[in-house]
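Student: got a structure for you, letters missing:
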């Protein structure tokens, strides 16, 4: 039942997207975990009568032990870089490069999909007029990013990471990035089949094209 979905997920050019999604989930979980842990430390500092604008001794004593950049951090970064290089070598050996034949104007891939970082915009074309999806919404995204420093004027949370004092800002970012962007990429990559139809993982495609 999941054959078509597995064929899409296991494609060499879709494997990085799967890894990207896993990393997004992991670091989102890690960010919330650390933010909530810092909130607990700040509440403990406040209960002891210490200022909570920053971490003061009572809270800092519970933080992980500090580590010198040389040689400990540099050595750790070198080991991680070596592991990444080995991973990339193994990846390039085990997976074929997603190269196709030269473009043929007489043969159009079905479905024709944009690169993954534009799939969100391509997915918007399903729901909105091309003028809105291709011009208005991208312009609003750019204007919104430019307006963040003026809209986010909350002075709390500068110099330390906390969730309780920046709940609205963090949740707004998660909604815009995870829901309005990453979710559209997932739909466009894994759920859109021939003729840009929507196919759930348990649904069989009428015809699995060569280029999908």
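Tutor: Yes, it's here. Since we're looking at a predicted model, the values are computed, not measured. Numbers count the residues shown, from 1 in each chain.
Student: okay, helices next: where are they in the protein?
Tutor: Secondary structure of the chain (DSSP state H): helices at 3-9, 15-47, 57-60, 74-94, 119-127, 130-131, 137-151, 167-174, 183-186.
Student: dump those to JSON lines, plus distance to residue 110.
Tutor: Every residue, glycine included, has its C-beta placed from N, CA and C. Putting these into JSON lines (distance: least, C-beta to C-beta, whole Å) gives the following:
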{"stretch": "helix 3-9", "distance to residue 110": "14"}
{"stretch": "helix 15-47", "distance to residue 110": "20"}
{"stretch": "helix 57-60", "distance to residue 110": "58"}
{"stretch": "helix 74-94", "distance to residue 110": "28"}
{"stretch": "helix 119-127", "distance to residue 110": "14"}
{"stretch": "helix 130-131", "distance to residue 110": "20"}
{"stretch": "helix 137-151", "distance to residue 110": "26"}
{"stretch": "helix 167-174", "distance to residue 110": "35"}
{"stretch": "helix 183-186", "distance to residue 110": "20"}
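Student: which one of those helices has the lowest average pLDDT?
Tutor: Of all these, mean pLDDT reaches its minimum on helix 57-60 (a mean of 51).
Student: point to the residue nearest the middle of this structure.
Tutor: residue 24 (4.0 Å; C-alpha atoms, centre = their mean).
Student: residue 76 versus that one, what's the distance?
Tutor: 23 Å (C-beta to C-beta, to the nearest Å).
Student: how does this structure divide up, domain by domain?
Tutor: Split into domains by automatic domain parsing, the chain comes to 3-64+115-196, 67-96.
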